[in-house]
Every structure is written in structure tokens, then in C-alpha cells.
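**Q** kindly return the folded structure for what I paste below:
(chains A and B)
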Amino acid sequence: ETGVTQTPRHLVMGMTNKKSLKCEQHLGHNAMYWYKQSAKKPLELMFVYNFKEQTENNSVPSRFSPECPNSSHLFLHLHTLQPEDSALYLCASSQDYTGNTEAFFGQGTRLTVV
Amino acid sequence: DAKTTQPPSMDCAEGRAANLPCNHSTISGNEYVYWYRQIHSQGPQYIIHGLKNNETNEMASLIITEDRKSSTLILPHATLRDTAVYYCIVRVASGNTGKLIFGQGTTLQVKP
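**A** Sure, this is the predicted structure:
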């Protein structure tokens, strides 16, 4: 138990569906992250929020839409995804967005797009 | 961001020390060395991090060379549950740009 909880753990969605991934942290952290991990590939950083403000968007397609309503919650809204978007989506949080604060990860959401 | 180089795979006998190397020859003075591991299909787990000095915690020890161009993660008594992909990452320490960028890592197989 890392203090970072992701729901759902598994999600199957059609290409025309709209769904959302949720991440919640109980650590009092101020920075939150979304990562994508495709099969047999390293984690790819998607978005970073620091004090609820988006500070990083690594050229992520607009069909992925993040939302950070407060420092404890992070969402990833999904719409009109493609089969190649099937992956493990991981959320992480850290005290802040500097180099001397470790980040803790949730267990991820396994997404399958059919 | 500085890049790291790790061997793609290593084996270790159960009960022995596992020494995982990492090269980061272009590391800057304000960049920390972080180690994470990922057991199959789970979220990465933080292990340890350091700047200049060697560090030790309940999980592992981190040895950083004096010139900071390489480091070694040591698991003192490896168990079968330590089988995982181990990631060495360098992370800038100043400003508002503390990106945590993962590479391919080292797959450690602990064998009975």
C-alpha cells in the first residue's frame, strides 16, 4: 500500500466510449503524475500537475484529457481511443515537483480498447 | 535530462547480494540518482535515492562514485521476491522541472 489508489484496476472500452480513470492520494502531496506503459516498453510520462496546475504535457493526443480538481485527486478522461492506446496507466504523487522528493505510484489501471 | 545506461538483464542466486550497476556519465551537479523497481504488471516501487553520498535504507544500499558518473544498487540478501525490473533514473533537483523519466531498466532474476 503506497497511499496512491487508482480506480478502476481494469477497464475495457470501445473506441466510441467515454470513460475516466481516477487517482487519489492520501499522502498530502502536491505533485501528481500520469504515466503510460505499453507492453514491453518503459513508462512514458504523460502529464504532471504541481499544486493543481499542469506543468508538463508530453505531446499527448487530445483524446486524453487530464483534470486535477485538487491536490489529492487526478483524473484522466478518455474519449475516442484507439486500440494502440491499450496499456497500463499509472498515477504517481510526490511532495512537490523537485528532484529530492520520491514519487509513489499506484497499482495502475489496465486499459483495453476494443 | 541526463541519460542512464543499465545492463538489460542480470541473474543472482537467492541469499546472495545483488549488485546492479548504472552509468550516468552526463549527470549534472544538481541531479539526484533514483532507483525504482517494478514487479510484473504492478506500479513501480521507490527504493532509494542519493545525490553525492552513499545511502542505505531497509531495502538497499546506493553507492555513488566520487565523480558521480556511475552508481550501484546493492540488495544485500536477494530473495525470490526481489525478481523485478530495476530502473536507475537521474532527476534534476532545482527549479520546477523534477521529471522522473524511466528507461528500459535491468531485469533481475533471482534464482533458487
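**Q** got the residues of chain B near chain A?
**A** B:30-32, B:34, B:41-46, B:49, B:51, B:87, B:91-105 (C-beta under 8 Å from any C-beta of the partner chain). All C-beta atoms are positioned from the backbone trio N, CA, C, and that covers glycine.
**Q** give me the buried subset of the residues you listed.
**A** Among these, those classed as buried by 16 or more other C-beta atoms under 10 Å in any protein chain shown are B:31-32, B:34, B:43-44, B:46, B:49, B:87, B:91-93, B:98-102, B:105.
**Q** related to what we said a few turns ago, tell me which of the residues of chain B next to chain A fall in helices.
**A** Taking DSSP state H, every one of those sits outside helices.
**Q** out of the residues you listed, list just those in strands.
**A** Secondary structure from DSSP state E places B:Glu31, B:Tyr32, B:Tyr34, B:Gln45, B:Tyr46, B:His49, B:Tyr87, B:Arg91, B:Val92 of those in strands.
**Q** next secondary structure element downstream of the least confident helix or strand in chain B by mean pLDDT?
**A** The weakest-scoring helix or strand in chain B, judged by mean pLDDT, DSSP states H and E, is strand B:84-92 (a mean of 92). Per DSSP states H and E, the first helix or strand lying C-terminal to strand B:84-92 is strand B:106-111.
**Q** show residues contacting that next one.
**A** Residues from elsewhere that reach strand B:106-111 (C-beta atoms under 8 Å, 6 or more residues apart in numbering or on different chains): B:6-14, B:18, B:20, B:78-86, B:88.
**Q** quick one: strands adjacent to the least confident helix or strand of chain B?
**A** Each strand paired with strand B:84-92, and its direction, by DSSP bridges: strand B:31-38 (antiparallel), strand B:106-111 (antiparallel).
**Q** if you count neighbours, what's buried in stretch B:75-95?
**A** Result for stretch B:75-95 [16+ other C-beta under 10 Å]: buried residues B:75, B:78, B:82-93.
**Q** is it fair to say A:Glu84 lies in a strand?
**A** No: assessed with DSSP: H, G, I helix; E, B strand; the rest coil, A:Glu84 is helix; it does not lie in a strand.
**Q** if I look at A:Gln54, how far off is A:Glu67?
**A** Counting by C-beta to C-beta, to the nearest Å, the gap from A:Gln54 to A:Glu67 is 10 Å.
**Q** these two: who's more crowded?
**A** A:Glu67 (15 against 12; other C-beta atoms under 10 Å in any protein chain shown).
**Q** partner residues bridging that one?
**A** Beta bridges link A:Glu67 to A:Phe75 when assigned by DSSP bridges.
**Q** centroid residue for chain A?
**A** With distances taken as C-alpha atoms, centre = their mean, A:Trp34 lies nearest the centre of chain A, 3.0 Å away.
**Q** report the separation between it and B:His40.
**A** Relative to B:His40, A:Trp34 is positioned 21 Å away (criterion: C-beta to C-beta).
**Q** circling back: partner strands of whichever helix or strand the residue nearest to the centre of chain A is part of and their direction?
**A** Here A:Trp34 sits within strand A:31-37, counting by DSSP H and E. Applying DSSP bridges, strand A:31-37 is found paired with strand A:44-50 (antiparallel), strand A:87-94 (antiparallel).
**Q** highest average neighbour count across these?
**A** Highest mean neighbour count of those: strand A:87-94, a mean of 24 (counted as mean count of other C-beta atoms under 10 Å in any protein chain shown).
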